[in-house]
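K.L.:
Got a sequence here, can you build the structure:
(chains A and B)
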There are 2 protein chains.
Amino acid sequence: MIYVVGFGPGDRKRMTNEAEEAIASADVVVGYTGYTALMKPLFPDKDYLETGMRGEIARCEVVVDLAQEGKNVALICSGDAGIYGMAALLLEILDRRNKTEEIDVHIVAGVTAALAGAALLGAPLGHDLAFISLSDLLTPWEVIEKRLLAAGDADFCIALYNPSSKGRKDHLKKACDLLLTVKDKDTVCGIADRIGREGEQTRILSLSELGEAETDMQSVVLIGNSMTKRVGDRMVTERGYLNKYG
Amino acid sequence: MIYVVGFGPGDRKRMTNEAEEAIASADVVVGYTGYTALMKPLFPDKDYLETGMRGEIARCEVVVDLAQEGKNVALICSGDAGIYGMAALLLEILDRRNKTEEIDVHIVAGVTAALAGAALLGAPLGHDLAFISLSDLLTPWEVIEKRLLAAGDADFCIALYNPSSKGRKDHLKKACDLLLTVKDKDTVCGIADRIGREGEQTRILSLSELGEAETDMQSVVLIGNSMTKRVGDRMVTERGYLNKYG
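P.N.:
Numbering: from 1, shown residues only, chains lettered A, B, ... in the order given. Alright, predicted model coming up:
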């Protein structure tokens, strides 16, 4: 049995009961070192098997190997199991090895960063919404640009994952410059950093300021639509109840 | 103190610890009757206050009234508190009544239907993703059409909320007809109905079949991107690891 578990941002309070049970029942917990480091204090008695970043295929192969040996394995992902997570790759590799019938897979959904970050910032994602990753390791930058423009032009709220990393310092700046061609420079934006972890913080700023903001792989960036405003120290996108009935 | 609580699809296993604690600690639990009906069996000893559909503003006003009386109130939402939930409206109404400083609000993120449905279907949302509601009660249909076309044309995975209701039987059909102008008719699609509730089921079908499918307000519809495929009895959108490193 394989569980692909989205454990949420990384603290116990934002985990689902199902995620806790899956990890607690596993013989081995497999994940990227950054994620096993978060789960070890919560589940200290488990056996962990860690693989580095960009070791995604090897990680899934190991999970299938362990399951074939009869182990219950939890493959852990931060946030959700599917949103920029490991669930799809695991299912593909299982299929490539013709083990889909033999090994049971249970996918456990979790609170993805955009949702957890939104809750900290207020209610910025109160209307139609696009999730876009700014990582171009697997997706050509031209595709990312096309999606940014499409989402901006159609006035979606936007959640940016992987806004920058050591190798891609300028991606957020490039994304903002592009969005500024179709969105107002005063659009309300927010950043949530290290949600549920040491140093958790939020910031609210305008789209014209966002491009210069420091972010890293533990940041999620939320960009408002044309209705988004600051309400006190929060970011709020009202769906339209007050305009219509208010 | 007001908690705006996303309780997930409706069963205990997909609730976060934070959601459970917020409801357990509330003096009064306020929500749409369809949602209080789901929570009553899980938290039978709480006081509940129910309002009907389209009673959203009145519901938030009551929550603020109760908080002013010194009560701890949990305003409950299915899925997430912010994604098509009550968090934004509650914050706006609190602001309109100038109570933002006086009353503490804590937003509790939850597993929204698209994520829970995706986990049941496999891993359909493994890449950039758009959430679109097909309800035109608050959003002009032309705006919805623009967003559908933008998301389809830029090859987002798409999650459709509120695909149909008694008053809007043909919205899903109209949305599919529009998407067929920019997406392949064989695009793999999925439907998850009544997640975590009596009668939970999933279906996988093509975009050309989707328009004729029966859905209701307890269905979420997931539409693949150009990379989405069927793997066994699942729907999978691989992010590109296998193409690049595979």
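K.L.:
can you list the domain ranges for chain A.
P.N.:
Domain assignment of chain A by automatic domain parsing yields the ranges A:2-111, A:114-236.
K.L.:
Would you work out how far apart the start and end of the longest one are?
P.N.:
In domain A:114-236, first residue to last residue: 14 Å (CA to CA, to the nearest Å).
K.L.:
what's the answer for the shortest one, then?
P.N.:
The distance separating the two terminal residues of domain A:2-111, taken as CA to CA, comes to 20 Å.
K.L.:
is any part of that domain close to chain B?
P.N.:
Yes - using CB under 8 Å from any CB of the partner chain, domain A:2-111 comes into contact with chain B via A:4, A:6, A:8, A:12-18, A:20-21, A:56-57, A:80-85, A:87-93, A:95-96, A:100-101, A:107-111. Heads up, the C-betas are built off the backbone N, CA and C, glycines and all.
K.L.:
Which residue ranges of chain A form helices?
P.N.:
For chain A, the helices defined by DSSP state H occupy A:17-25, A:33-39, A:56-68, A:87-96, A:113-121, A:141-153, A:171-179, A:207-210, A:241-245.
K.L.:
Return the most buried member of the ones you listed.
P.N.:
Mean neighbours per residue, mean count of other CB atoms under 10 Å in any protein chain shown, is largest over the helices of chain A for helix A:113-121, with a mean of 28.
K.L.:
What about A:Thr211, how many residues nearby?
P.N.:
No Thr there; residue A:211 is Gly. A count of nearby residues for A:Gly211, using other CB atoms under 10 Å in any protein chain shown, gives 18.
K.L.:
Which of the helices and strands in chain A ranks last by mean pLDDT?
P.N.:
helix A:241-245 (a mean of 88; mean pLDDT, DSSP states H and E).
K.L.:
In PDB, list the C-alpha atoms belonging to that one.
P.N.:
Extracted C-alpha coordinates of helix A:241-245, given in PDB (Å, rounded to 0.1, in the frame of the first residue of the first chain):
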ATOM      1  CA  TYR A 241     -22.500  39.800  -2.400                       C
ATOM      2  CA  LEU A 242     -22.200  43.400  -1.200                       C
ATOM      3  CA  ASN A 243     -22.400  44.900  -4.700                       C
ATOM      4  CA  LYS A 244     -25.500  42.900  -5.500                       C
ATOM      5  CA  TYR A 245     -27.400  42.600  -2.300                       C
END
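K.L.:
For that helix, name the packing helices and strands.
P.N.:
helix B:56-68, helix B:87-96 (3 or more CB pairs under 8 Å, 6 or more residues apart in numbering or on different chains; DSSP states H and E).
K.L.:
Name the surrounding residues that touch the first one.
P.N.:
What that stands for is helix B:56-68. A:241-242, A:245-246, B:1-2, B:27-28, B:30-32, B:49, B:51, B:73, B:75, B:86, B:89-90, B:93-94, B:97, B:99, B:102-103 (CB atoms under 8 Å, 6 or more residues apart in numbering or on different chains).
K.L.:
Filter those down to the buried ones.
P.N.:
Buried members of those, counted by 16 or more other CB atoms under 10 Å in any protein chain shown: A:241-242, B:1-2, B:28, B:30-32, B:51, B:73, B:75, B:86, B:89-90, B:93-94.
K.L.:
ok now the least confident helix or strand of chain A, how far from the chain's centre?
P.N.:
32 Å (CA atoms, centre = their mean, to the nearest Å).
K.L.:
Would you confirm that A:Gly227 contacts A:His127?
P.N.:
Slight slip there: residue A:227 is Met, not Gly. Yes - between A:Met227 and A:His127 there is a contact at 7.0 Å, judged by CB atoms under 8 Å.
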